[in-house]
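> take this sequence and fold it.
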Amino acid sequence: MKKILIIVLALCLIAASTVTVASASGTHLNKKSAYVYVDMTYKVSLLTGSGKTISPSKVKWSSSDTKVAKVSRKGVVTGVGEGFAQITAKYKKSSYTFVAKVRMPYSEEEIRAIARSEIASASEDPADAKAEEYAVRTCVNKPIALDGSTGMFIFGDSTATDAHGGGFTWGSLIADRTGCKEHNFAVSGAAFAHPLDPGKKILNQVKSVADWSDCDICFVAAGTNDGLYNVSAAELRQGVQGVIDEIRKNAPGAEIVFITPTRTTKPYRALLPQIAGAICNTALINDCSVINGFDFPITLSADEWVADLTDGDGLHPNADGKKIYARSVMNALF
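The predicted structure is shown next:
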């Protein structure tokens, strides 16, 4: 409680010391404040009243505390140490301020506490919540052997692709580290049991593979879109089982690893623990491995723009979000 009070007072002091000179043209920053993780970046832009970006070269940027956050001449804020820093953009005769709330990525203990809280509120039936909690407290249920693998096949949604920028995938990082060749079949919007667009099902990705000859390991990263479209747990389990059966029919000796959805905000937050549980339980029954996305220090949203880690749609990870997601996958594997 004392820690929370100190944080609130710090925010109040920053707010009280902030003076923003409004211009008649409606010039403004793209964001008033945001979380910036240590060693990660956040781009701040000065916009005209019509929403056009003002060239950073015409703006003078400064930070109130460079030990907390520094800012480049282009308005790129980099987290340095935990705390609060006021980023000021001076343009013509006006000043505009942005508060960088810098923190370390969530610790494993914090993430699990948040996830357990969401589990508890996700179901009116305590027995259901207890059953699904297994998915939250399980990261990798058995060792995953990557050394010596020849081919790595990846199926999934946008978290496994570079469809929304970032310049890399976590699959490419694994490939670089192990020398295992990456075959990435993932597409944005995919799901195990997509009711509105059957063509986006993960099973279709699996069936599209023409050559399984060097498949030693298969990663399957999906489930978020199943929550978005409110599919039932029974449908989801059936979809996951179909994917497992199809992979084992074509590559019977391959290791299968599922990555469950990451945490999210409303409106379908309550569904994701059940979705993660259904994926996890089906995987375990079939002796597959599981990497629990609830452990990842990133939150995606279908209706709230988590601007520091996602694109403007609030759902797909941006370049920084992809870095955190990829680092989380790597941490779970190595």
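> now stretch 199-212: average pLDDT?
For stretch 199-212, mean pLDDT is 92.
> buried set for it?
Using 16 or more other Cβ atoms under 10 Å as the test for burial, stretch 199-212 gives K200, K201, I202, L203, N204, Q205, V206, V209, W212. (Each C-beta comes from the backbone N, C-alpha and C, glycine too.)
> and the fourth one, what is it in contact with?
L203 makes contacts with F192, G239, G242, V243, E246, as judged by Cβ atoms under 8 Å, 6 or more residues apart in numbering.
> just to be sure, it is in a helix?
Yes: counting by DSSP: H, G, I helix; E, B strand; the rest coil, L203 falls inside a helix.
> not counting sequence-adjacent ones, nearest residue to the residue nearest the centre of the chain?
Taking Cα atoms, centre = their mean, the centroid of the chain lies closest to I298, which sits 4.4 Å from it. Among residues not flanking I298 along the chain, I324 sits closest, at 4.9 Å (Cβ to Cβ, 6 or more residues apart in numbering).
> so where does that neighbour fall, helix or strand?
Assigned by DSSP states H and E, I324 falls within helix 319-333.
> give me the buried positions along that helix.
Of the residues in helix 319-333, 319-329, 332-333 count as buried by neighbour count, 16+ other Cβ under 10 Å.
> and the buried residues of stretch 199-212 as a markdown table, adding distance to I54?
A markdown table is the format used below for the buried residues of stretch 199-212 (distance: Cβ to Cβ, whole Å):
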| residue | distance to I54 |
| --- | --- |
| K200 | 39 |
| K201 | 44 |
| I202 | 43 |
| L203 | 48 |
| N204 | 45 |
| Q205 | 43 |
| V206 | 48 |
| V209 | 48 |
| W212 | 53 |
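> what's opposite C215 in the beta bridge?
Note on C215: beta-bridge partners by DSSP bridges are G151.
> what about it, how many residues nearby?
22 (other Cβ atoms under 10 Å).
> next up, the contacts around it.
G151, F153, H183, V209, N250, A251, A254.
> arrange the residues you listed in TSV, one row each, with secondary structure and distance to V220 as further columns.
Output for these, formatted as TSV (DSSP: H, G, I helix; E, B strand; the rest coil; distance: Cβ to Cβ, whole Å):
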residue	secondary structure	distance to V220
G151	strand	15
F153	strand	9
H183	strand	13
V209	coil	13
N250	helix	14
A251	coil	13
A254	coil	11
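> kindly give a single ChimeraX line that selects the buried subset of those residues.
Selection command for ChimeraX covering only the buried members of the contacts of C215, criterion 16+ other Cβ under 10 Å:
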select :151,153,183,209,251,254
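> could I get the contacts of C215 as a markdown table with distance to G171?
Listed next are the contacts of C215 as a markdown table, based on distance: Cβ to Cβ, whole Å:
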| residue | distance to G171 |
| --- | --- |
| G151 | 12 |
| F153 | 9 |
| H183 | 9 |
| V209 | 15 |
| N250 | 19 |
| A251 | 17 |
| A254 | 15 |
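> from the contacts of C215, pick the one nearest T169.
H183 (11.7 Å; Cβ to Cβ).
> partners of that closest one in the sheet?
H183 forms beta bridges with F153, as assigned by DSSP bridges.
> which pLDDT value belongs to it?
In this model, H183 carries a pLDDT of 93.
> buried sites along stretch 150-163?
By neighbour count on 16+ other Cβ under 10 Å, the buried set for stretch 150-163 is G151, M152, F153, I154, F155, G156, D157, S158, T159, A160, T161, D162.
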